[in-house]
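Q: everything below, folded, please.
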Amino acid sequence: MKSLEEFITENQYIQTVKGLKGRRQLYVVGGTVRDIILGFEPADYDFAVSGSGISFARSISRRIKGAFVLLSKDDDEARVVKDDIIWDFVGIGKQNILADLKRRDFTINSMAVNCDTLEFVDPFGGLKDMERKILRLTTTKSLRDDPLRILRGFRLSLELRFSLHKDFLKHAAEVDLRKTAAERIGVELLRIMAAGDSFESVLRMNTLGLFLKMLPEANKIIGDDYLWTHSLGTYEAVENLMGKGFFKNFETEFSAYFIQPERKALVKLAALFHDIAKPDTMLVKNGEVHFYGHDTKGSRIVRNLCFKRLKMSRSDVAKVSKLVKEHMRLHLLATNSELTDRAIRRFFRDLGEDWFGAMMIAWADGYATAGWTKHLEQVFERMISLKRADDAKPKVERLVNGHDLIALGLKPGPRFKVILQELLDLQLEEKITSKDEGLATALKINERLDLAG
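A: Next up, the predicted model:
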């Protein structure tokens, strides 16, 4: 493995910047130094430069024909991007490098290398902490300077497999996240949940009251000890399932679903808040507690939470909302004494590619409730077997299409989708086998829909 000095002198992206610095002092700093020491290829390249970081970044962007991005005028930070390579610059004015390192979050990110002399600067013992695999705050005011560092700490400890220093948790309890930008919180929280063993970190975050501070829309369920304990248990069960467990029997489907690694975080988020609307829908009837409609209302609350508090993308919000809305459906299918192939096919059709995530949440929900999942596993095996069989068949050509319905005198509209889908289900079940049978059935379905209003 290359030494730190060898990497810096041989790396073309660092040397490109060095060649354009003129008489400025230039340091490789922060996460770049950390990653090089750990033997990782840097995800981006961080520099501290004498004078103005923004002005230097503008000059670099012009000279290499890269894109300039202003990060923070107040902190004199800017970015240059070209061909998927990212260079970040911060200005230190007339101060020395110590001033820049002192304001950084953790000791392992508070190291620097002078690009001219290759002097290694480590005033806070970052290298020693790396050897001990400890994540320690650079200064006692580090978290107050930027409260998001609380989440960064949990995320880095998971990604690097480092332990959080005891002082981190002490200072984290004193910091308020409520004024931190929502999009920054969303990015860090999802990266925490993307880790394979995040449950212990989630528990620690919960003990610090971070979920209440980040997601006030969830205050009712977080404040209910029974429901929140169940929600955390569902999260843990889902995370354990991602180590396969029952779903090891469906390796092909598992790999296909999680080929997009961000789905793991989305499924865990949906699992944590699948019952978010239960406090609002609780009803005691004849001595029994019911939560009618908590799945549908929960999907609306989660959609607002993901948009407003976490600033997630529309597609990701839609996935989480759908998983919450549909989390009861598999329980109902599994307890149905007459589960039909048509109902199974409708489930796969409605869930689309997220059927696998829905099954994981239903299994985890059942496990966290009573530890009993055998009935779900039996139904899931039947459902997946049917889907595999259907997927293996040549694509079915519909006996009846929309043009045929118009020829029957029916008016195009939302009803067409209902009629055509029912006809396709009947065709797959071989209950209609000819176009004439399909047309006759279409008229009967239309008449039934008229009577239903």
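Q: the strands in the chain, which residues?
A: Here the chain has its strands, by DSSP state E, at 26-29, 45-49, 67-72, 77-82, 85-91, 112-114, 120-121, 134-135, 163-164, 283-285, 288-290.
Q: of all those strands, which one is nearest residue 215?
A: Among the strands of the chain, strand 163-164 comes nearest to residue 215, with 21.8 Å by C-beta to C-beta. Just so you know, the C-beta spots here come from the backbone N, C-alpha and C atoms, and that holds for glycine as well.
Q: circling back to that earlier point, TSV for the strands of the chain, including mean neighbour count?
A: Below are these laid out as TSV (neighbours: other C-beta atoms under 10 Å):
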stretch	mean neighbour count
strand 26-29	25
strand 45-49	24
strand 67-72	13
strand 77-82	19
strand 85-91	22
strand 112-114	21
strand 120-121	16
strand 134-135	20
strand 163-164	16
strand 283-285	9
strand 288-290	9
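Q: reformat those strands as CSV; add distance to residue 317 and mean pLDDT.
A: Listed next are the strands of the chain as CSV, based on distance: least, C-beta to C-beta, whole Å; pLDDT from 0 to 100:
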stretch, distance to residue 317, mean pLDDT
strand 26-29, 36, 97
strand 45-49, 31, 97
strand 67-72, 25, 95
strand 77-82, 27, 96
strand 85-91, 27, 96
strand 112-114, 40, 97
strand 120-121, 43, 97
strand 134-135, 31, 97
strand 163-164, 30, 96
strand 283-285, 28, 81
strand 288-290, 28, 79
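Q: can you redo these as JSON lines with distance to residue 250?
A: Output for the strands of the chain, formatted as JSON lines (distance: least, C-beta to C-beta, whole Å):
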{"stretch": "strand 26-29", "distance to residue 250": "46"}
{"stretch": "strand 45-49", "distance to residue 250": "42"}
{"stretch": "strand 67-72", "distance to residue 250": "43"}
{"stretch": "strand 77-82", "distance to residue 250": "40"}
{"stretch": "strand 85-91", "distance to residue 250": "38"}
{"stretch": "strand 112-114", "distance to residue 250": "49"}
{"stretch": "strand 120-121", "distance to residue 250": "50"}
{"stretch": "strand 134-135", "distance to residue 250": "37"}
{"stretch": "strand 163-164", "distance to residue 250": "35"}
{"stretch": "strand 283-285", "distance to residue 250": "37"}
{"stretch": "strand 288-290", "distance to residue 250": "33"}
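Q: those strands: which one's closest to residue 230?
A: Of all these, strand 288-290 comes closest under C-beta to C-beta, at 13.2 Å.
Q: what's that closest one in contact with?
A: 282, 283, 284 (C-beta atoms under 8 Å, 6 or more residues apart in numbering).
Q: wait, the second one touches residue 292, no?
A: Yes - using C-beta atoms under 8 Å, residue 283 and residue 292 qualify as a contacting pair, with a distance of 6.3 Å.
Q: coming back round to it: out of the strands of the chain, nearest to residue 245?
A: Of these, nearest to residue 245 by C-beta to C-beta is strand 163-164, at 27.2 Å.
Q: strands paired with the closest one, and their directions?
A: strand 134-135 (parallel) (DSSP bridges).
Q: for residue 145, which non-adjacent residue is closest in space?
A: Closest residue to residue 145 apart from its sequence neighbours, by C-beta to C-beta, 6 or more residues apart in numbering: residue 103 at 6.8 Å.
Q: which stretches of the stretch 201-350 of the chain form helices?
A: 210-214, 219-222, 225-241, 251-257, 262-272, 278-281, 294-304, 314-325, 329-334, 341-351 (DSSP state H, counting those that start in this stretch).
Q: what lines up beside the lowest-mean-pLDDT helix or strand in the chain in the sheet?
A: The helix or strand with the lowest mean pLDDT-type score in the chain, counting by mean pLDDT, DSSP states H and E, is strand 288-290 (a mean of 79). Sheet pairing for strand 288-290, assigned by DSSP bridges, gives strand 283-285 (antiparallel).
Q: show me what the partner strand is in contact with.
A: 289, 290, 291, 292.
Q: could you check how far the nearest residue to residue 364 once chain neighbours are set aside is from residue 353?
A: Excluding its sequence neighbours, the residue lying closest to residue 364 (C-beta to C-beta, 6+ apart) is residue 237, at 3.6 Å. To residue 353, residue 237 is 22 Å away according to C-beta to C-beta, to the nearest Å.
Q: those two - which one has more neighbours?
A: Between residue 237 and residue 353, residue 237 has the larger neighbour count (other C-beta atoms under 10 Å), namely 23 against 12.
Q: break the protein down into its domains, please.
A: With domains defined by automatic domain parsing, the chain comprises 4-127, 133-214, 241-392, 402-452.
Q: what mean pLDDT does the shortest one have?
A: The reference is to domain 402-452. Averaged across domain 402-452, pLDDT comes to 84.
Q: for residue 204, see how far away residue 232 is.
A: 12 Å.
Q: whoops, residue 309 was the one
A: 20 Å.
Q: repeat that for residue 428.
A: Taking C-beta to C-beta, one finds residue 428 at 50 Å from residue 204.
Q: who's more crowded, residue 232 and residue 204?
A: residue 232 (19 against 15).
Q: one step back: which member of the contacts of strand 288-290 is positioned nearest residue 263?
A: For the contacts of strand 288-290, the nearest to residue 263 is residue 282 (31.0 Å; C-beta to C-beta).
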